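> Show me how the following folds:
(chains A, B, C and D)
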Number of protein chains: 2
Amino acid sequence: MVGTRQFDETAVMQRALNVFRQKGLAATSMIDLAQATGVHRGSLYNAYGGKEAIFLSAFETYADDYMRGIRTALDQTDARAALAAFVETVLTSMTAGSPARGCLSTRTATEVDETPPAVQDRIRRWLDELQETIEIGLRRRCLADQLTLPPEEAARLLVTFTRGLAVMERVYHDEAQLRDISASLIRVLVRQAGKD
Amino acid sequence: MVGTRQFDETAVMQRALNVFRQKGLAATSMIDLAQATGVHRGSLYNAYGGKEAIFLSAFETYADDYMRGIRTALDQTDARAALAAFVETVLTSMTAGSPARGCLSTRTATEVDETPPAVQDRIRRWLDELQETIEIGLRRRCLADQLTLPPEEAARLLVTFTRGLAVMERVYHDEAQLRDISASLIRVLVRQAGKD
DNA sequence: ACCATCTTTGACTATAATGTCAAACATGAC
DNA sequence: GTCATGTTTGACATTATAGTCAAAGATGGT
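Here you go, the predicted structure:
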């Protein structure tokens, strides 16, 4: 290459991701991104084309990290522990940073009307993948036997529930509360020892 | 009164509410509201002061209707039926209209960063009230005995879960799917006849 | 019929963001 | 060292929205 890009693309994506997490896709302007990354607006247009492309690119990083965390958390033989670790991963992801970053996918999902179709699709595929990942984790015999719902239903319920957690986080900013609510769900999802 | 307002305030609020439900608070401009209501932008500024005040005013209508629906739904003696009616009310509220209007409070909640403090407070109080309403409904002995969780925990879980439903609605626009997920939750929340 | 009072209207200023572009600038390949 | 190539930069035209205001318009009370 002769005309070489002057900035670190990975660092730019990381910073862009932070902006998107805090402000959401719709409320983020190219000016915001330029300020946060230190890269001139014109350069960002030149390199990526626009906000949507930057978002989609940054989202890949986010999605990969998230899914890896989920897989690791669920990789246990005790259902209660696996679900607790799962919830912990989700909570950590959304309460990290100050102010807390919130959940990017949930934030973007509710903005769906101002969101370009490509982004809508990406979010949908991400949620599909999340459910699939959870379902695979729960389907292992050692876990499935301990659950009060079939793995597929449990996975779908957990996806929906964690989206709700993300909303509650935005409103109350109370991590302990989120943990309590999650504990309630886990309680009814795991078969009581000594019962049944 | 001498200088009389020329427009029907109730109708204006209703239309404004529809706009807010479809676009969200942040993405709605005074121009949008003027177009939707047929009232000149200047008149809206004169009458209400601005977008925030219009939102808060319109939200009261929304909140009242919503809470009334919830109370009615929960007023039954069979837990499964009460929860099913509750979920049905929530789902109907968010899937009505075409395109589906979504859930105003959830939408607004996730926009929290661009939202003025007064609106944040209102949303928080609304969620508090929602939980309280559900809890009161569930605490009646005839229902509480059938539940696998104490009324308070069940109420909190239902609030969070229904926020999650609102997110899922935005992404998939699949009412049947939402019903299925809800059925799963209800199953684990209601004590099985013949068990325990 | 008149007037005081509030409302309506259209125009105006200011701000913010978009997307584009030509000129200046680096730099790896030769 | 030169140069072709892609990058950076600042400027530009455009569009959208906010918020204000003075003049014109209604209307109920007297």
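> which outside residues touch the helix or strand bottoming out on mean pLDDT in chain A?
Using mean pLDDT, DSSP states H and E, the weakest-scoring helix or strand in chain A turns out to be helix A:141-144, at a mean of 91. If you take CB atoms under 8 Å, 6 or more residues apart in numbering or on different chains as the criterion, helix A:141-144 is touched by A:Leu74, A:Gln76, A:Thr77, A:Ala79, A:Ala82, A:Gly137, A:Leu138, A:Pro150, A:Pro151. All C-beta atoms are positioned from the backbone trio N, CA, C, and that covers glycine.
> and the first one, what is it in contact with?
In other words, A:Leu74. For A:Leu74, the contact set (CB under 8 Å, 6+ apart) comprises A:Ala82, A:Ala85, A:Phe86, A:Thr133, A:Ile134, A:Gly137, A:Leu138, A:Leu143.
> Just the pLDDT at it, thanks.
Model confidence at A:Leu74, expressed as pLDDT, equals 97.
> List the buried residues in stretch A:182-196.
Taking 16 or more other CB atoms under 10 Å in any protein chain shown as the neighbour-count basis, stretch A:182-196 is seen to contain the buried residues A:Ser182, A:Ser184, A:Leu185, A:Ile186, A:Arg187, A:Val188, A:Leu189, A:Val190.
> about what we covered before: keeping just the C-alphas, turn the least confident helix or strand of chain A into PDB.
Output in PDB follows, covering the C-alpha atoms of helix A:141-144 (Å, rounded to 0.1, in the frame of the first residue of the first chain):
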ATOM      1  CA  ARG A 141     -28.000 -33.500  29.500                       C
ATOM      2  CA  CYS A 142     -26.400 -32.600  32.800                       C
ATOM      3  CA  LEU A 143     -28.100 -29.200  32.700                       C
ATOM      4  CA  ALA A 144     -31.300 -29.900  30.800                       C
END
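> How about stretch A:16-34 and DNA strand D, any contact?
No. For stretch A:16-34 and DNA strand D, the contact criterion (CB under 7 Å from any atom of the strand) is not met; the two come no nearer than 9.0 Å.
> so the residue of chain A found nearest chain B is in which element?
Here chain A gets closest to chain B at one residue, A:Gly164, 3.0 Å apart by CB to the nearest CB. Assigned by DSSP states H and E, A:Gly164 belongs to helix A:151-172.
> Tell me what angle that helix forms with helix B:151-172.
Calculated by axes from the mean of the first three to the mean of the last three CA atoms, to 10 degrees, helix A:151-172 forms an angle of 100 degrees with helix B:151-172.
> Which elements pack onto helix A:151-172?
Using 3 or more CB pairs under 8 Å, 6 or more residues apart in numbering or on different chains; DSSP states H and E as the contact test, the elements touching helix A:151-172 are helix A:79-95, helix A:104-110, helix A:117-139, helix A:175-189, helix B:104-110, helix B:117-139, helix B:151-172, helix B:175-189.
> Looking at those, spot the one closest to B:Glu60.
In terms of CB to CB, the element of these nearest to B:Glu60 is helix B:117-139, at 8.9 Å.
> Is DNA strand D within reach of the closest one?
No. Helix B:117-139 stays out of contact with DNA strand D when judged by CB under 7 Å from any atom of the strand, the minimum separation being 13.7 Å.
> That helix and chain A, are they touching?
Yes. When contact is scored as CB under 8 Å from any CB of the partner chain, part of helix B:117-139 falls within range of chain A: B:Gln120, B:Ile123, B:Arg124, B:Leu127.
> about what we covered before: in JSON lines: the helices and strands packed on helix A:151-172, plus mean pLDDT and distance to DNA strand C.
Supplementary listing: the helices and strands packed on helix A:151-172 in JSON lines, determined by pLDDT from 0 to 100; distance: least, CB to the nearest atom of the strand, whole Å:
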{"stretch": "helix A:79-95", "mean pLDDT": "97", "distance to DNA strand C": "25"}
{"stretch": "helix A:104-110", "mean pLDDT": "95", "distance to DNA strand C": "16"}
{"stretch": "helix A:117-139", "mean pLDDT": "97", "distance to DNA strand C": "14"}
{"stretch": "helix A:175-189", "mean pLDDT": "98", "distance to DNA strand C": "31"}
{"stretch": "helix B:104-110", "mean pLDDT": "95", "distance to DNA strand C": "19"}
{"stretch": "helix B:117-139", "mean pLDDT": "97", "distance to DNA strand C": "19"}
{"stretch": "helix B:151-172", "mean pLDDT": "97", "distance to DNA strand C": "22"}
{"stretch": "helix B:175-189", "mean pLDDT": "98", "distance to DNA strand C": "33"}
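> Name the residues of chain A found near DNA strand D, please.
Contact residues, chain A versus DNA strand D (CB under 7 Å from any atom of the strand): A:1-7, A:39-43, A:46-47.
> ok, now with 6 Å
With CB under 6 Å from any atom of the strand as the criterion, chain A comes near DNA strand D at residues A:Val2, A:Gly3, A:Thr4, A:Arg5, A:Gln6, A:Phe7, A:His40, A:Gly42, A:Ser43, A:Asn46, A:Ala47.
> if we can go back for a sec, okay, the buried residues of stretch A:182-196 in CSV with distance to chain B next?
Supplementary listing: the buried residues of stretch A:182-196 in CSV, determined by distance: CB to the nearest CB, whole Å:
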residue, distance to chain B
A:Ser182, 9
A:Ser184, 4
A:Leu185, 6
A:Ile186, 11
A:Arg187, 7
A:Val188, 4
A:Leu189, 6
A:Val190, 10
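> The helix or strand harbouring A:Thr61 versus helix A:79-95: what angle between them?
In this structure, A:Thr61 is located in helix A:51-74 according to DSSP H and E. Interaxial angle, helix A:51-74 versus helix A:79-95 (the same axes, to 10 degrees): 150 degrees.
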